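>>> A predicted structure for the sequence below; I have some questions about it.
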Amino acid sequence: MFRSSVRFFSLAISTLLLQPSTARADDMQVKRGEYLVTIGGCNDCHTPGYFLGKPDSSRFLGGSDVGFEIPGEGVFVGRNITPDKQTGIGSWTKQQIVTAIQTGLRPDGRVLAPIMPWHAFAHLTDEDAAAIASFLQNVKPVSHQVPGPFKPGEKVATFVFRILPPGQTAAGAPN
């Protein structure tokens, strides 16, 4: 009886001591992800109002209201990267987020827009990419359906920044 009581007590204490450590590790990973998202400028392209000088912090990472036109490619609007299941990445697994960050491949098989700097993010360590994914899974979900992407020539439903090849002027660019 005494041995089983000691064993039970030891197990209970071990469990209590390990839980806060795991929680602290998870918190540290989320904090690291927040830091990386901040210095990576993710909110620039993924928060409404940012490019118009009035970022809407209540919809942080909830998807832009500005698209980028790339000649011959179309118009791309920064997606909602919050954990909202209908309009964001809430149905993506942590590994699917990491894969998108490091390879540019979405779970549906589509490649991320050329404006997304996943080629640079491919150099992140696996730990840093996982930290970003953890942070994205822990931000406040925002319900915001982002329009697009739009193919070349399609009518666009948002404000657009046009990216022009070197030597071309806005006046000479095709509409």
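Yep, that arrived. If you're wondering where the values come from, they're calculated on a predicted model, not measured in any experiment. Residues are numbered from 1 along each chain as shown.
>>> Verify the contact between Ala133 and Val98 for me.
Yes - using CB atoms under 8 Å, Ala133 is in contact with Val98, at 5.1 Å. For glycine as for every other residue, the C-beta is placed from the backbone atoms N, C-alpha and C.
>>> These two: which is more packed in?
Each of Ala133 and Val98 has its neighbours counted (other CB atoms under 10 Å); Ala133 has more, 24 against 21.
>>> Could you measure from that one over to Ser91?
Separation of Ala133 from Ser91 (CB to CB, to the nearest Å): 14 Å.
>>> swap in Gly148?
From Gly148 to Ser91 the distance is 19 Å (CB to CB).
>>> Please identify which of these two sits among more neighbours.
Counted by other CB under 10 Å, Gly148 and Ser91 do not tie: Gly148 has more neighbours, with 20 against 11.
>>> So the more buried one sits against Phe76, correct?
Yes - in terms of CB under 8 Å, Gly148 counts as a neighbour of Phe76; the distance is 6.3 Å.
>>> Overlap in contacts, the two.
Residues touching both Gly148 and Phe76 (CB atoms under 8 Å, 6 or more residues apart in numbering) are Gly67.
>>> For stretch 81-90, list every residue counted as buried.
Residues of stretch 81-90 classed as buried by neighbour count (16 or more other CB atoms under 10 Å): Ile81, Thr82, Pro83, Asp84, Thr87, Gly88, Ile89.
>>> Now do the strands in this structure.
Using DSSP state E, the strands of the chain run over residues 66-70, 74-77, 159-162.
>>> what's the burial count for the spatially closest residue to Pro107 that is not a sequence neighbour?
Spatial nearest neighbour of Pro107, chain neighbours left out: Gln96 (4.5 Å); criterion: CB to CB, 6 or more residues apart in numbering. Gln96 has 16 neighbours, counted by other CB under 10 Å.
>>> With Pro55 instead?
The tally of other residues near Pro55 (other CB under 10 Å) stands at 15.
>>> before we move on, what about Ala113?
When counting by other CB under 10 Å, one arrives at 21 neighbours for Ala113.
>>> ok, now Val156?
Close neighbours of Val156, defined as other CB under 10 Å, add up to 15.
>>> so who does it touch?
Residues in contact with Val156 (CB under 8 Å, 6+ apart) are Gly67, Glu69, Val75, Pro147, Gly148, Phe150.
>>> which residues sit in contact with the last one?
It refers to Phe150. Residues near Phe150 by CB under 8 Å, 6+ apart: Gly67, Gly74, Val75, Phe76, Val156.
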